[in-house]
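J.: Take a look and give me a structure for this.
(one chain, ligands or ions: 1)
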Amino acid sequence: MSSVLKDLADGARALQRIKQDLSDVQFQEEILNLRQLLVDAQSEIMERNQEIDNLKSKVKDLQTTKDFAEGLHSHNGFKFESKDGEPFGLPFCPACETNHGKFFRLVPPGEKTGNTYKDRGKKVCPNCKHVYGYPVPTFPELEDRG
Ligand SMILES: [Zn+2]
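T.: Below you'll find the model as predicted:
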């Protein structure tokens, strides 16, 4: 970026210096060169702006995930969503949180995973497909609370 801008500045200075003693053709060539440098600079600025937008979006996603994680209730190595300080439902996959920083709620086998009846009673991550045997702590769902 800075090298392109420096080239532009150098070019502008060169133009002033040589304007008097250059033919029209040479002058036109210098202007064309400068135009190309401007186009390159604009293109580079647009690329940088795109990178900045992508990074801003990433920061926002990370902040959202961080806020979500901080609101979770920990119990026996598992994390649960909670409401009014009370955890509810099935926990999130600890492996996916550790490995990818993402939260996937465990489900009973067969539900979204295609696992067979032999895994009944266990819990499965719908993302990494890891099967969690007993005991996976579970709290009543919000709608099941008295
Ligand atoms: Zn997982």
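
J.: Only C-alpha atoms from now on, for both contacts and neighbour counts.
T.: Noted.

J.: Only C-alpha atoms, please: export the top strand by length along the chain in PDB.
T.: If you go by DSSP state E, the chain has its longest strand at strand 78-83. Output of strand 78-83 as PDB, limited to C-alpha atoms (Å, rounded to 0.1, in the frame of the first residue of the first chain):
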ATOM      1  CA  PHE A  78     -20.400 -30.200  31.100                       C
ATOM      2  CA  LYS A  79     -21.800 -26.800  30.300                       C
ATOM      3  CA  PHE A  80     -25.500 -26.000  30.100                       C
ATOM      4  CA  GLU A  81     -27.700 -23.200  29.100                       C
ATOM      5  CA  SER A  82     -29.400 -21.600  32.000                       C
ATOM      6  CA  LYS A  83     -32.300 -19.300  32.800                       C
END
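
J.: Spell out which residues belonging to the protein are near the ion, please.
T.: By the rule CA under 5 Å from the ion, the part of the chain lying against the ion is 93, 96, 125, 128.

J.: let's see it at 6 Å
T.: 93, 95-96, 125, 127-128, 130 (CA under 6 Å from the ion).

J.: Please list only the buried members of those residues.
T.: Buried members of the residues of the chain next to the ion, counted by 16 or more other CA atoms under 10 Å: 93, 96, 125.

J.: Look up how far residue 100 lies from the first one.
T.: Okay, so that is residue 93. Separation of residue 93 from residue 100 (CA to CA, to the nearest Å): 11 Å.

J.: and what of the last one?
T.: The gap separating residue 125 from residue 100 is 13 Å, by CA to CA.

J.: In JSON lines: the buried ones among the residues of the chain next to the ion, plus secondary structure, distance to residue 82 and pLDDT.
T.: JSON lines is the format used below for these (DSSP: H, G, I helix; E, B strand; the rest coil; distance: CA to CA, whole Å; pLDDT from 0 to 100):
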{"residue": "93", "secondary structure": "coil", "distance to residue 82": "16", "pLDDT": "96"}
{"residue": "96", "secondary structure": "helix", "distance to residue 82": "19", "pLDDT": "96"}
{"residue": "125", "secondary structure": "coil", "distance to residue 82": "19", "pLDDT": "94"}
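
J.: Alright, I will stop here.
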